[in-house]
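**Student:** give me coordinates for this.
(one chain, ligands or ions: 1)
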Amino acid sequence: MTKILVTGGAGYIGSHAVVELAQAGFEPIIVDNFVNSETTVLAGLREILGREVPCYRIDCGNAEALHEVFRKEGDIKGVIHFAAYKAVGESVQKPLAYFHNNVGSLITLLQVMKDEGVENLVFSSSCTVYGIPDQLPVTEATPTKPASSPYGRTKQMCEDVVHDSSQAADNTTHTILLRYFNPIGAHESAKIGELPLGVPNNLVPFITQTAAGLRDKLTIFGNDYDTPDGTNVRDYIHVVDLAKAHVVAVQRLLDRKASEVVETFNVGTGHGNTVLEVVKAFEEASGQKLNYSIGPRRPGDVPAIYADATKAAEVLGFKTETSLRDALASAWKWQQSLVR
Ligand code: UFG
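**Tutor:** Got it, this is the predicted structure:
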């Protein structure tokens, strides 16, 4: 079995990618420092897969520890680098921590991969690199704009690091940058899912926690945008669909099918939904009435963004399979499985 190192493999998207990799016949090896994930995820993975997934509790900024993993495992063929801080608001408060962790760990990883002769990398980027786009939907060729947070800037900088290092004469790394839109939902087994620490920043965990009675009500951040119902538009992709994009990307790198040393793909559904549409779809999927009210705009929110998913479809053969409603149903099932 082909070994793939999954940094941040105990995290929300990483854990779902571990499942999809294993079920596609790969041997995922997790590296995670567990600062924003819990070891219970490993039990969930064991239950889904019926076997233990190897996991190293180390920080990706620790080159020596990473070397050790590559040497011990021996024949790792590729890396999917999820490990990063991801809270937009926190990044405004702790910009240095975000640059150090997100950009620093990528640089460390790239150097270690080169030293160890590992050539294939899939990197977690984000639609946040587009900033407030001039045209919708956004294609991979849509110019990036100033990011609205240090978090967003780390993703832009990481893309730059990958591009610049790929131009070096002695470069050996082949990279696929996946620009995620808004991942939501959980594995159908409800054994793994999103585990937000404290009050969730993101829409769907806030909705499910409100429906579960853990929060009073959802505040919708503004209804005076230039969108069909005035609320923000996003491209919500089921996390299992997103996870599958990584399997396809890794396989493409291993098969040396990539047309360039760095390739970039949007990973979204290609459809935009407003916040109110998400609320309605959640109510239908869960049979719960959601308590919500309209509040002021949230600083830094992009009014509307959704993917042009054509390139991923044509080049990777990747298409999402799960509807918004089913994705929300899976999020609700996961919420109900959590004992809080
Ligand atoms: N929203 C609300 N109320 C809430 C939470 C969110 O109305 O309590 C709205 C937001 O205003 C936005 C939409 O729901 O219109 C989605 O918000 P999220 O916070 O779930 O996600 P964002 O689109 O803001 O995405 C941000 C960054 C991404 C990052 C992502 C995950 O822009 O780069 O958070 O952390 F990947």
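**Student:** and residue 253, how many neighbours?
**Tutor:** 21 (other Cβ atoms under 10 Å). To be clear about C-beta, it is placed using only N, CA and C from the backbone, and glycine gets the same treatment.
**Student:** would you confirm that it contacts residue 78?
**Tutor:** Yes - applying Cβ atoms under 8 Å, one finds residue 253 in contact with residue 78, separated by 6.0 Å.
**Student:** which ones are touching residue 159?
**Tutor:** Residue 159 makes contact with 123, 125, 129, 177, 264, according to Cβ atoms under 8 Å, 6 or more residues apart in numbering.
**Student:** list the contacts of the first one.
**Tutor:** When you say that, I think you mean residue 123. Counted by Cβ under 8 Å, 6+ apart, residue 123 has contacts 81, 106, 158-159, 162, 175-178.
**Student:** what distance separates the start and the end of stretch 131-151?
**Tutor:** With Cα to Cα, to the nearest Å applied, stretch 131-151 spans 12 Å between its terminal residues.
**Student:** is it anywhere near the ligand?
**Tutor:** No - when contact is scored as Cβ under 6 Å from any ligand atom, no part of stretch 131-151 falls within range of the ligand; the minimum is 6.6 Å.
**Student:** how far off centre is that stretch?
**Tutor:** Put simply, stretch 131-151 sits 17 Å off its chain's centre (Cα atoms, centre = their mean, to the nearest Å).
**Student:** other residues contacting it?
**Tutor:** Contacts for stretch 131-151 (Cβ under 8 Å, 6+ apart): 85-92, 95, 98-99, 102, 127-130, 152-153, 155-156, 179, 235, 264-266, 270, 272, 300-311.
**Student:** just send the contacts of residue 159 back as CSV, with secondary structure, pLDDT and distance to the ligand too.
**Tutor:** Output for those, formatted as CSV (DSSP: H, G, I helix; E, B strand; the rest coil; pLDDT from 0 to 100; distance: Cβ to the nearest ligand atom, whole Å):
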residue, secondary structure, pLDDT, distance to the ligand
123, strand, 98, 14
125, strand, 98, 9
129, helix, 97, 8
177, strand, 98, 14
264, strand, 98, 16
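**Student:** who wins for neighbours among those?
**Tutor:** For the contacts of residue 159, neighbours tallied by other Cβ under 10 Å; top is residue 123, 25 neighbours.
**Student:** just checking, what packs against the one helix or strand in the chain whose mean pLDDT sits lowest?
**Tutor:** One helix or strand of the chain scores below all others by mean pLDDT, DSSP states H and E: helix 88-93, with a mean of 94. Using 3 or more Cβ pairs under 8 Å, 6 or more residues apart in numbering; DSSP states H and E, the elements in contact with helix 88-93 are helix 150-166.
**Student:** now the helix it packs on: buried residues?
**Tutor:** If you call a residue buried by 16 or more other Cβ atoms under 10 Å, then helix 150-166 has these buried ones: 150-159, 162, 165-166.
**Student:** OK, contacts around residue 98?
**Tutor:** Contacts were defined as Cβ under 8 Å, 6+ apart; by that measure residue 98 touches 85, 90-91, 150-151, 154.
**Student:** one more pass at 10 Å, please.
**Tutor:** Shown here is residue 98, whose contacts under the criterion Cβ atoms under 10 Å, 6 or more residues apart in numbering are 84-88, 90-92, 104, 149-154.
**Student:** any shared contact partners between residue 253 and residue 78?
**Tutor:** A shared contact of residue 253 and residue 78, defined by Cβ under 10 Å, 6+ apart, is any residue touching both; here these are 119-122, 174, 176.
**Student:** now those in JSON lines, with distance to the ligand, secondary structure and neighbour count?
**Tutor:** Formatted as JSON lines, the entries for the shared contacts of residue 253 and residue 78 read as follows, by distance: Cβ to the nearest ligand atom, whole Å; DSSP: H, G, I helix; E, B strand; the rest coil; neighbours: other Cβ atoms under 10 Å:
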{"residue": "119", "distance to the ligand": "27", "secondary structure": "coil", "neighbour count": "18"}
{"residue": "120", "distance to the ligand": "24", "secondary structure": "strand", "neighbour count": "24"}
{"residue": "121", "distance to the ligand": "19", "secondary structure": "strand", "neighbour count": "25"}
{"residue": "122", "distance to the ligand": "16", "secondary structure": "strand", "neighbour count": "27"}
{"residue": "174", "distance to the ligand": "25", "secondary structure": "strand", "neighbour count": "20"}
{"residue": "176", "distance to the ligand": "18", "secondary structure": "strand", "neighbour count": "26"}
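**Student:** out of those residues, who's nearest residue 11?
**Tutor:** Using Cβ to Cβ, residue 122 is the member of the shared contacts of residue 253 and residue 78 that sits closest to residue 11, with 14.6 Å.
**Student:** all set, thanks.
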